[in-house]
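In: Sequence and computational prediction follow.
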Amino acid sequence: MTRILYSLCGADAHRPFSPHAWKVVMALKHKGLEYTEQPTPFTQIPNLENGFSKTVPILRDGNELIRDSFDIAVYLDERYTDRPTLFGGEGGKALSRFVEGFSQTVVHGAIARIAIKSVHDTLGPADQAYFRSSREAIFGRSLEEVAADRQREIDTFAEKLKPVTHTLKFQPFLGGEAPLFADYILFGALQWLRVTDGADVLGKDGLLASWFERLLDLHDSAGRVVTAA
């Protein structure tokens with residue numbers, strides 16, 4: 001069976017950085033499924049699989065094509081029931097939806113403001129033009145003006161993750177005693193920052209830093225295959 005994960009890269013195809021694709025990398029590793037990753041620049045994504053999706057990740061699993069990281073995780077859990085579960089039941093799926101909402105509405109915005117210039121600078125010329133145009137439209141400011149808030153965002157980042165720190169006082173993972181897709185959602189966001197910018201927002205010690213290090217070590221250190229920026 002042909003299994004391909006289409007992810008996102010800049011000028012260096014060996015440094016995929018999409019937070020959503022990293023969720024799927026960890027989900028596939030969790031399930032013990034073999035796959036080939038095909039990192040793709042922003043401007044080439046519309047050419048993938050006959051224009052199947054405007055964004056990545058996209059997973060081809062034999063004749064099946066699935067877009068969206070959450071939908072891919074649900075597909076994997078329902079298709080490969082003999083492999084370790086990503087949700088641990090409907091409660092875990094509901095938890096993952098909450099973590100997804102928290103990550104995308106709170107964490108992603110802060111990371112974007114920290115790493116926006118770093119991401120831009122990793123891209124090829126065509127992607128740089130696309131990224132500047134699209135992100136400046138989103139933020140209503142130039143990339144340089146957004147990046148001016150970088151240090152403030154770094155200094156206040158841990159405060160945004162206090163609900164996660166609180167949870168980790170009681171259990172080693174958001175999923176409980178073992179990681180679930182909920183963990184991979186937040187991991188994907190922090191891996192995006194690690195790969196593109198490398199800003200230290202968690203510190204070297206503490207519950208959050210230890211949790212992230214444990215996730216980097218999971219699945220034969222799959223998260224460490226790409227070094228920090």
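Out: Perfect, I can see it now. Note that the structure is predicted; figures quoted are calculated from it, not measured. Numbers count the residues shown, from 1 in each chain.

In: For Thr85, list the residues it contacts.
Out: Contact partners of Thr85, counting by C-beta atoms under 8 Å, 6 or more residues apart in numbering, are Asp77, Gly92, Leu180. Using the backbone N, CA and C atoms, a C-beta is placed for each residue, glycine as well.

In: Tell me where the protein has helices.
Out: Taking DSSP state H to define them, one finds helices in the chain at 19-31, 69-79, 90-102, 108-122, 125-139, 143-147, 150-160, 162-168, 181-196, 207-221.

In: Sort out which residues of the second one are buried, please.
Out: For helix 69-79, burial by neighbour count (16 or more other C-beta atoms under 10 Å) applies to Ser69, Phe70, Ile72, Ala73, Val74, Tyr75, Leu76, Asp77.

In: what does the fourth one give?
Out: Neighbour-count burial for helix 108-122, counted by 16+ other C-beta under 10 Å, picks out 108, 110-120, 122.

In: And for Arg3, the neighbour number?
Out: When counting by other C-beta atoms under 10 Å, one arrives at 14 neighbours for Arg3.

In: And the residue nearest to it when sequence neighbours are not counted, what's its pLDDT?
Out: In space, Arg3 comes closest to Tyr35 once its chain neighbours are excluded; the distance is 4.2 Å by C-beta to C-beta, 6 or more residues apart in numbering. Tyr35 is assigned a pLDDT of 98 by the prediction.

In: Tell me which of the helices of the chain sits nearest to Ser7.
Out: For the helices of the chain, distance to Ser7 was read as C-beta to C-beta. The smallest value, 3.5 Å, belongs to helix 19-31.

In: Identify all contacting residues around that closest one.
Out: By C-beta under 8 Å, 6+ apart, the residues outside helix 19-31 that reach it are 3, 5-8, 16, 35, 37, 55-57, 59, 68-69, 72-73, 76, 80, 83-84, 86, 103, 108, 111, 179, 181, 184-185, 187-189, 191-192, 215, 218-220, 222-223.

In: And for Pro46, nearest residue in space, chain neighbours not counted?
Out: In space, and not counting its chain neighbours, Pro46 is closest to Lys54: 6.3 Å by C-beta to C-beta, 6+ apart.

In: so how far is Arg97 from that neighbour?
Out: In this structure, Lys54 lies at 22 Å from Arg97, with C-beta to C-beta, to the nearest Å as the measure.

In: Comparing these two, which residue is more hemmed in?
Out: Arg97 (13 against 9).
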